[in-house]
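[1] Return a 3D structure for these sequence lines:
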Amino acid sequence: MKATELRGKDKPALTTELESLLKAQFSLRMQIATQQLSNTSQLGKLRKDIARVKTVMTELKRKV
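    I've put the predicted structure just below:
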């Protein structure tokens with residue numbers, strides 16, 4: 001997911017995207033805790049996606 005794609009979305013769409021990413025992060029954390037996750041780099045990629053969404057949301061707040 002790129003920041004340019006996120007900038008094209010409105011605030012409710014960004015909020016739902018953030019919620020889904022946070023649920024996925026929780027799921028990955030549980031898989032790590034139970035030794036079921038083999039590709040641990042997924043967690044880092046997901047954290048960066050969450051940061052991108054939060055950055056775009058902050059940009060929208062400051063623009064208004």
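[2] Against L37, how distant is K61?
    Look at K61 and L37: by CB to CB, to the nearest Å, they are 34 Å apart. From N, CA and C alone the C-beta is placed, and that goes for glycine too.
[3] Neighbour count: those two, which is higher?
    L37 (16 against 9; other CB atoms under 10 Å).
[4] hang on, the more buried one packs against A24?
    No. Counting by CB atoms under 8 Å, L37 stays clear of A24, with 12.0 Å between them.
[5] what residue is smack in the middle of this protein?
    I50 (2.7 Å; CA atoms, centre = their mean).
[6] Quick check: buried residues in the particular helix or strand that has F26 in it?
    Using DSSP states H and E, F26 maps to helix 11-33. Judged by neighbour count (16 or more other CB atoms under 10 Å), helix 11-33 contains these buried residues: 14, 17-18, 21, 25, 28, 31.
[7] next one: the helix or strand bottoming out on mean pLDDT in the chain to chain centre, how far?
    Scoring the helices and strands of the chain by mean pLDDT, DSSP states H and E places helix 3-7 at the bottom, with a mean of 89. Centroid separation for helix 3-7 versus its chain: 12 Å, with CA atoms, centre = their mean, to the nearest Å.
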